[in-house]
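# Model the following, please.
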Amino acid sequence: MATDSEPLRFADVAVTYTADQFQGIYRGKQYHAPDFGEVIQRAKAYNCEKMMLTTMNLEGFHRNLQLVREHPETCTLTLGVHPYHAGEIYASTNEPSYLSQIREIGQSLLREENSPLVAFGEIGLDYEYLDRADKETQIRAFKDQLELAVEFQLPLFLHVRESCADFIEIIRPYLPRLPKGGLVHSFTGSVSEMRQLTDELGLDVSVNG
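Below is the predicted model:
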């Protein structure tokens, strides 16, 4: 006998909480107070039960972690440096270094019971916006962070735009040491590139709505 099916349940794996819009800022102007609590409630009303907050850099990570502590039943987060921010890794000579801070934060969170840290990223390459970080810096940051990813053994949260050949060449030798694989977020490449990522490398991809 036919029965009503259960409603679909969702998890949003790419919430950029640090974006201005979630703080009520549009085109540089404050229009309303930060309202992410209301965003969570609206999402739950449509069966979005979990949200993974995307970390772009260390400054953003600390903001994400604060929100995760406030909403542990709903929110988790990633740890890593987006290619836009790759230059930040090497800009300071202070100790501990940027990468050392990432290592220490990751190790600390992974020691927690029910750790909120569920993926490493958003890391990768973006050659469309080289004004933010040049190719050499992005490649260096990607390789350095893949070394950290091997230590953490978390799923990868990945970014590739206009850079698929270099991305594949760099990540391929690391994947045997990263058995949990990864998600190439917001993929905008060709069908051929997608098949290389999914069929050859075993990665997943997500696309924009």
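# surely residue 197 meets residue 206?
No - counting by CB atoms under 8 Å, residue 197 stays clear of residue 206, with 11.3 Å between them. Where C-beta positions appear, they are placed from N, C-alpha and C, glycine not excepted.
# quick check: longest helix of the protein.
Counting residues, the longest helix in the chain under DSSP state H turns out to be helix 135-152.
# Mind exporting the C-alpha coordinates of it to CSV?
Only the C-alpha atoms of helix 135-152 are listed here, as CSV (Å, rounded to 0.1, in the frame of the first residue of the first chain):
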residue,chain,number,x,y,z
LYS,A,135,49.2,32.0,-9.2
GLU,A,136,52.5,31.3,-7.5
THR,A,137,51.1,32.2,-4.1
GLN,A,138,47.9,30.2,-4.6
ILE,A,139,49.9,27.1,-5.7
ARG,A,140,52.2,27.4,-2.7
ALA,A,141,49.3,27.8,-0.3
PHE,A,142,47.4,24.9,-1.9
LYS,A,143,50.4,22.5,-1.5
ASP,A,144,51.2,23.7,2.0
GLN,A,145,47.5,23.2,3.1
LEU,A,146,47.3,19.7,1.5
GLU,A,147,50.2,18.7,3.7
LEU,A,148,48.1,19.8,6.7
ALA,A,149,45.1,18.0,5.3
VAL,A,150,47.0,14.8,5.4
GLU,A,151,47.7,15.3,9.1
PHE,A,152,44.1,16.1,9.9
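# number of nearby residues for residue 120?
Residue 120 has 28 neighbouring residues, counting by other CB atoms under 10 Å.
# hey, where'd the strands end up in this structure?
Remark: strands assigned in the chain by DSSP state E are 10-15, 25-26, 29-30, 48-53, 75-79, 117-126, 156-161, 182-184, 204-205.
# which residues of the protein score low on pLDDT?
Filtered on pLDDT under 70, the chain yields the residue ranges 1-4, 95, 209.
# Tell me which residues touch the most centrally placed residue in it, please.
Centroid-nearest residue in the chain: residue 122, 3.2 Å away (criterion: CA atoms, centre = their mean). Contacts here follow CB atoms under 8 Å, 6 or more residues apart in numbering; on that basis residue 122 touches 54-56, 78, 80, 82, 157-159, 185.
# what about residue 197 and residue 206, which has more around it?
residue 197 (22 against 14).
# what's near enough to touch the nearest residue to residue 141 once chain neighbours are set aside?
Nearest residue to residue 141 in three dimensions, chain neighbours excluded: residue 86, at 3.7 Å (CB to CB, 6 or more residues apart in numbering). Residue 86 is in contact with 133, 137-138, 140-142, counting by CB under 8 Å, 6+ apart.
# so how far is residue 178 from residue 86?
20 Å (CB to CB, to the nearest Å).
# swap in residue 57?
Distance of residue 57 to residue 178, given as CB to CB: 22 Å.
# do the same with residue 87
Distance of residue 87 to residue 178, computed by CB to CB: 25 Å.
# Look up the residues that both of residue 197 and residue 206 are in contact with.
184, 187.
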